[in-house]
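Participant: Below is the sequence, then the predicted model.
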Amino acid sequence: GDSVTQMEGPVTLSEEAFLTINCTYTATGYPSLFWYVQYPGEGLQLLLKATKADDKGSNKGFEATYRKETTSFHLEKGSVQVSDSAVYFCALSKETSGSRLTFGEGTQLTVNP
Amino acid sequence: KAGVTQTPRYLIKTRGQQVTLSCSPISGHRSVSWYQQTPGQGLQFLFEYFSETQRNKGNFPGRFSGRQFSNSRSEMNVSTLELGDSALYLCASSSVTGTPLHFGNGTRLTVT
């Protein structure tokens, strides 16, 4: 079946450091790819998405490019802030599966001042 | 526009009991999905409802059920609770099935 694998966490960075969180997927067909973020005590918020190969999703300084050849959707940010501390989830969905999302394990990011 | 509202925020139940969780989607959204989040299993899809019909179901036992009302509000029910059902249950809505999901803050269920 479909699956999403994220880099093992947690990740701890200093403020203004460069962030990369790796995400690879296994799926048949052409899935849409997403990054969601979860702050403590809250639900998930959509951070960015890409629906086809070579699409780049971006939001709030975060970027991720849909790479079909490497089945990857790595999340990057050039300069992280303390307020970016949260858990980040990579996910995929397929047109045939409606609103069903398959999530990765999540990566806890802590940014220290 | 109000977001997805889940009630209650916290629940404590005893093994063997049953529980009902409620979700009010964003106004105008007709698709409601439910997810279970645990430290061990991560985020797992339970089911999706659209226009009062279940469209998708995840790999959970029959003790987990749900329904959707004509105003798109949804409930999920878990019967004969087990310790392993302790989790954060998240509801998400979207305008039509397949579009990006908007999540509520969840209901934290603890089974003792």
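Facilitator: In hand now; what should we look at? All figures in this text were calculated on a predicted structure; none of them were measured in a lab.
Participant: the helices in chain A, which residues?
Facilitator: For chain A, no helices are identified by DSSP state H.
Participant: Chain B contacts on that one?
Facilitator: Residues of chain A lying close to chain B by C-beta under 8 Å from any C-beta of the partner chain are A:34, A:36, A:41-46, A:49, A:89, A:91, A:93, A:95, A:97-106. Quick note: C-beta positions are derived from backbone N, CA and C, even for glycine.
Participant: can you tell me which of these are in strands?
Facilitator: If you go by DSSP state E, the residues of chain A next to chain B have A:34, A:36, A:44-46, A:49, A:89, A:91, A:93, A:102-103 in strands.
Participant: Tell me what the residue lying closest to residue A:11 once chain neighbours are set aside is bridged to.
Facilitator: Counting by C-beta to C-beta, 6 or more residues apart in numbering or on different chains, residue A:109 is the residue found nearest to residue A:11 once chain neighbours are left out, at 5.0 Å. Listed by DSSP bridges, the beta-bridge partners for residue A:109 are residue A:11, residue A:86.
Participant: residues touching the closest residue to residue B:94 other than its chain neighbours, list them.
Facilitator: Nearest in space to residue B:94, with sequence neighbours left out and distances taken as C-beta to C-beta, 6+ apart, is residue B:31 at 4.6 Å. Counting by C-beta atoms under 8 Å, 6 or more residues apart in numbering or on different chains, residue B:31 touches A:98-99, B:25, B:48-50, B:55, B:93-97, B:99.
Participant: could you flag which of the residues you listed are buried?
Facilitator: A:98-99, B:25, B:48-50, B:55, B:93-94, B:97 (16 or more other C-beta atoms under 10 Å in any protein chain shown).
Participant: Flag the shaky bits of chain B, pLDDT-wise.
Facilitator: B:1, B:97-98 (pLDDT under 70).
Participant: partners of residue A:49 in the sheet?
Facilitator: Beta-bridge pairing for residue A:49 (DSSP bridges): residue A:34.
Participant: ok, now how distant is residue A:58 from residue A:110?
Facilitator: 23 Å (C-beta to C-beta, to the nearest Å).
Participant: do the same with residue B:55
Facilitator: 38 Å.
Participant: now residue A:47
Facilitator: Using C-beta to C-beta, residue A:47 is found at 17 Å from residue A:110.
Participant: Looking at those two, which one has more neighbours?
Facilitator: residue A:47 (20 against 14; other C-beta atoms under 10 Å in any protein chain shown).
Participant: Residue 105: neighbour count?
Facilitator: Going with chain A. 16.
Participant: You answered for a different chain; I wanted chain B.
Facilitator: Other residues close to residue B:105 by other C-beta under 10 Å number 18.
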